[in-house]
Structures are given as C-alpha cells and as structure tokens.
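> What would the 3D arrangement of this be:
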Amino acid sequence: MRQRLLEATVELLVERGWSGTSTTLVSKRAGVSRGAQLHHFPTKDALVLAAVEHLSEVRGQELAEAATRLPTGPRRTRAVLEMLAEHFTSQVFTAALELWVAARTDPNLNAAVGPLEQRIGREIHRRTVELLGADEGQPGVRELVQATLDLARGLGLANTISDDAARRGRILDQWARVLDDRLTPQTPPQEATR
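Predicted coordinates for the structure are as follows:
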C-alpha cells in the first residue's frame, strides 16, 4: 500500500505538478482509502517528500546497476554523461523539480526539501567522481565534476519543455571531450638528458 501511494504521488507530480497533486487524488490513483493514506502520510508534504526520497533511492540503485554496464576505455566518459542525462530527464527529476519550485515560497516545504536535496546531491557527486575516475585532489577537478552535474541538470530542465535529445547529445559529446582532456592524467615532460 505504501509503495502504491509513493508511486501514485510521483505520477501525479509529473502529470499535474505540485498544485495539482492532492492527497485525495493520490489515494484514488493508488486505489487505497483516504484513511489508509492518512495513516501512512498525515500531510501532503510528508507524502510527497517520502515519494521523491523513495524514488531517488530506487534511481540511485538503478544508477549503480547501470554503472556496472559502463564501457571502459575511450567511450566511458560519454557513457557516464549519458547515464547522468537519463537521470536528469527521468520522472524522479521532474517530480523533484516540482518540489523545488514549491519549496521556494513555502518555508515548511523548503526546510524538508533542502536537506533531502543536499543528501541526494552529495551522493550523485560522489558517484560521478567515482565513475569518471576523477581525482578531486587536483586543482579544478571538483569544479569540473560539479559543472558536469550542473550541465546535466540544466539539460534535464530544458527537456521539461520539449524533447531536447538531439541537442543534448551534441552538447554531451563536446563535454565528454573536455572532461577526457582535463581528467586524463598528463605524463610529466621528461627532463632533458645532460
């Protein structure tokens, strides 16, 4: 029952947005009584946050599984970027975006969404560092990883208005070249022989 409520909440956030999602509609979509819904989630905020957190965890597990199928070698960086782009064009991202916009003007929701998004953001950053084999001890590398995530998030945002797959692909191709150039350890020049 809890699972059905969480999935119905995300579906409605994606379809109807924050203002169009109500606990009544969620109960109806999930096929559970209003009383059962209130037992598990007494407020809309609690329900929506639990749904986004749950699906973010599921998506994190899916990302971990997808990472096991990433190629090695020269196409790895581009494959990592594609995986991130898929994450930021997913229903989880769209639902989270609805929460971000609503939290901007709702202090109670903001207090709940802020820590959740920080935790999720740290986890995605850590996973990206790992997948790219990035050494954040090197100057500028942490910023490159964060720029990568900001780019993927921005491309996901653009995709909410219209299908942006072709342009997104070209941008990711170019960014993969930048990352490969900047993240590949450079061999120090040999000292001249005397």
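> where does the chain have its least confident helix or strand?
helix 44-67 (a mean of 82; mean pLDDT, DSSP states H and E).
> List the buried residues in it.
For helix 44-67, a neighbour-count test (16 or more other C-beta atoms under 10 Å) marks 44-45, 47-56, 59-60, 62-63, 66 as buried. From N, CA and C alone the C-beta is placed, and that goes for glycine too.
> Kindly report the same for stretch 157-166.
158-159, 164.
> After the longest helix seen in the chain, heading C-terminal, what element do we hit next?
If you go by DSSP state H, the chain has its longest helix at helix 107-132. Next in sequence after helix 107-132, counting helices and strands by DSSP states H and E, comes helix 141-159.
> residues making contact with that next one?
81, 84-85, 87-89, 93, 97, 121, 124-125, 128-129, 132, 134-136, 164-165, 167-168, 171-172, 175, 178-179, 182-183 (C-beta atoms under 8 Å, 6 or more residues apart in numbering).
> what pLDDT, on average, does that helix get?
Throughout helix 141-159, pLDDT has a mean value of 95.
> Use 439 as the first number from now on
Renumbered: residue one is now 439, and that last one reads helix 579-597.
> just for the protein, where's the confidence low?
Residues of the chain that meet the criterion pLDDT under 70 lie in 623-632.
> ok, and the closest non-adjacent residue to Trp538?
Distances taken as C-beta to C-beta, 6 or more residues apart in numbering place Val551 nearest to Trp538, at 6.7 Å, with adjacent residues excluded.
> ok, the one you found touching Leu537?
Yes. Assessed by C-beta atoms under 8 Å, Val551 is found in contact with Leu537 at 5.2 Å.
> Give me the common contacts of the two.
Common neighbours of Val551 and Leu537, counting by C-beta under 8 Å, 6+ apart, are Leu487.
> Quick check: the residue nearest to Trp538 vs Val490, distance?
Distance, Val551 to Val490, by C-beta to C-beta, to the nearest Å: 8 Å.
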